[in-house]
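Participant: here are the coordinates; sequence isn't available:
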């Protein structure tokens, strides 16, 4: 990997992608700083359906995507999101990209909250993984027409199924991560 390619990529990150990456970074640093003082931003900002419905803490429907549980969670989400969101923003524009990300965050929160509330699941959700997998799925389906399968050794994986494969791999490698939430 040539360092000049990385440098060029960083300099050409579109504005919405840059704002999202900087926002999640600032929130992570702030959460680390204030945790020392006894304030837990993850607890305040994560999506907890019972707090949304019972305490009307509606801010959680959006803020959960900015807060991350630890440095590994923040770093993997940011490193995964930036290339996909940059590509999408270059293709579709800043306004459409910002609308799409906010829509993915909101719709994910509503569906997750309703399922959790009615099933009495008591898990909270944090991080921008939903946006990452939404964009990954978008490009997997789009790329399927050009390249229907990806060959790994003797195994052909349909390109549309790659996001599902990643979710399974992450579920195996990081047992705390799940379809029903984190924590």
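Facilitator: Okay, I see it. Please read all numbers here as calculations on a predicted model, not as lab measurements.

Participant: What's the separation between residue 92 and residue 164?
Facilitator: 24 Å (CB to CB, to the nearest Å). All C-beta spots, glycine's among them, are computed from the backbone N, C-alpha and C.

Participant: So these two - more neighbours on which side?
Facilitator: In this comparison of residue 92 against residue 164, neighbours counted by other CB atoms under 10 Å, the higher total goes to residue 164 at 15 against 12.

Participant: Which helix or which strand is home to that one?
Facilitator: Taking DSSP states H and E as the definition, one finds residue 164 inside helix 162-173.

Participant: Am I right that residue 151 is in a strand?
Facilitator: Yes. Counting by DSSP: H, G, I helix; E, B strand; the rest coil, residue 151 is located in a strand.

Participant: Any idea what it is bridged to?
Facilitator: Under the criterion DSSP bridges, residue 151 forms beta bridges with residue 156.

Participant: Could you tell me how many residues sit around it?
Facilitator: Using other CB under 10 Å, the number of residues around residue 151 comes to 9.

Participant: Let me know the pLDDT of it.
Facilitator: pLDDT, the model's per-residue confidence, is 81 for residue 151.

Participant: rewinding a little: buried residues of the helix holding residue 164, list them for me.
Facilitator: Within helix 162-173, the residues that count as buried by 16 or more other CB atoms under 10 Å are 162-163, 166-167.

Participant: how about low-confidence regions in the chain?
Facilitator: Across the chain, the stretches falling below the confidence threshold (pLDDT under 70) are 1, 6, 175-183.

Participant: So the most far-flung residue of it relative to its centre versus residue 141, what's the distance?
Facilitator: In terms of distance from the mean C-alpha position of the chain, residue 154 ranks first, at 31.1 Å (CA atoms, centre = their mean). When CB to CB is applied, the distance between residue 154 and residue 141 equals 25 Å.

Participant: now residue 135
Facilitator: According to CB to CB, residue 135 stands 11 Å off from residue 141.

Participant: got it, and residue 168?
Facilitator: The separation that residue 168 has from residue 141, given CB to CB, amounts to 18 Å.

Participant: For the helix holding residue 164, name the packing helices and strands.
Facilitator: Counting contacts by 3 or more CB pairs under 8 Å, 6 or more residues apart in numbering; DSSP states H and E, helix 162-173 packs against helix 129-144.

Participant: Counting neighbours, which bits of the helix or strand containing residue 97 end up buried?
Facilitator: Remark: residue 97 resides in helix 94-119, with elements defined by DSSP H and E. When burial is assessed from 16+ other CB under 10 Å, helix 94-119 yields the following buried residues: 97-98, 100-101, 104-105, 108-109, 112-113, 116.

Participant: From the chain's centroid, how far away is it?
Facilitator: Per CA atoms, centre = their mean, to the nearest Å, the displacement of helix 94-119 from the mean C-alpha position of its chain is 11 Å.
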